[in-house]
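>>> Here's my sequence, what's the structure:
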Amino acid sequence: MQTLDQTIGFLGAGNMAEALIKGILASKLVEPTRVWGSDPRQTRCNELASTYGIHATVDNLELVRQCDLLVLSVKPQILPAVLAEVAPALKPGALLISVAAGVPVAAIERLVPAGTRVVRTMPNTPALVGAGATAIAAGGHATAADLEVAKRLFDAVGMTVILDEEQLDAVTGLSGSGPAYVFLIIEALSDAGVKMGLSRYNALALAAQTVHGAAKLLIETGEHPGRLKDMVTSPGGTAIAGIATLEAGGLRTTLINAVEAATSRSRELGLNAVKPK
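Next up is the predicted model:
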């Protein structure tokens, strides 16, 4: 794999930043000496430096002065303050890649020098185990090459799709929030197993592996989920009895409504972020 020639800085070194650092180093996308991370806690900086061999600092300005590519991985509510601090120190031609949920490109572009290239992304937490789903969208000044760089970064921790920015709220409602829905389903399946007499340990292990295996089967075969469902449901059998109960309980409609509600909330948060203060 061809390595990136940029020096990459992670403004904010939380879980998502660490997942990306781990992924890009494991894939040999960049050398550790060309990766920087910043965090207000010196203990966290020491941990990252010793674990991954990267540069780590409590000084955001030091990081920005060193890096050509900045990953904005701070919480959305503090992103404006961080950008106001570092904007004057941005290198000419620096590329910004944001993982701040719900924050539109327009809100970022207002706080940085005119013409700055921005790529907005929406990853999800399974990136922590290399199984993430990320959508990326170009800002007004970003190029096809910038999108390719962002895609290579996030492909190191899962799969990536390129979309228009207006679709990222739907991504937030589906894959961004989706792990929470799936964890709830796994928990419910586990509770059901316990109710039917299984130990909590075995019920949870079986429920989690069933969800994992079903998803893997769908991805690797490329079959429509309806067809795979039909493969499990024999006439008059156990699976069709369970499915009938799920349909009667409105599982399909409830999940659709959950994605719609989360999408609407993402749009609301985005509108608040884009309003000038």
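>>> My read is that Gln167 contacts Ile136, right?
No: contact between Gln167 and Ile136 fails when scored by C-beta atoms under 8 Å: they sit 10.8 Å apart. Where you see a C-beta, it was placed from the backbone N, CA and C, and this is true even at glycine.
>>> same for the helix or strand bottoming out on mean pLDDT in the chain, what does it pack against?
Ranked by mean pLDDT, DSSP states H and E, the weakest helix or strand in the chain is helix 251-274, scoring a mean of 88. With contacts defined as 3 or more C-beta pairs under 8 Å, 6 or more residues apart in numbering; DSSP states H and E, helix 251-274 has these neighbours: helix 105-109, helix 168-171, helix 178-195.
>>> ok so, going back, which of Gln167 and Ile136 has more neighbours?
For Gln167 versus Ile136, the count of surrounding residues by other C-beta atoms under 10 Å is larger for Ile136: 28 against 14.
>>> before we move on, the earlier item: out of the helices and strands packed on helix 251-274, which is the most enclosed?
Neighbour counts (mean count of other C-beta atoms under 10 Å) averaged over each of the helices and strands packed on helix 251-274 peak at helix 168-171, with a mean of 22.
>>> How many residues are close by Leu83?
Neighbour count of Leu83, defined by other C-beta under 10 Å: 26.
>>> can you check Arg152 too?
18.
>>> Settle this for me: it is touching Lys28, isn't it.
No: at 11.5 Å, Arg152 and Lys28 do not qualify as touching, with contact defined as C-beta under 8 Å.
>>> low pLDDT regions in this protein?
By pLDDT under 70, the weakly predicted segments of the chain are 1, 273-277.
>>> Quick one: the helices in it, in order.
15-26, 42-52, 60-66, 79-86, 105-109, 144-155, 168-171, 178-195, 200-221, 225-232, 238-248, 251-274 (DSSP state H).
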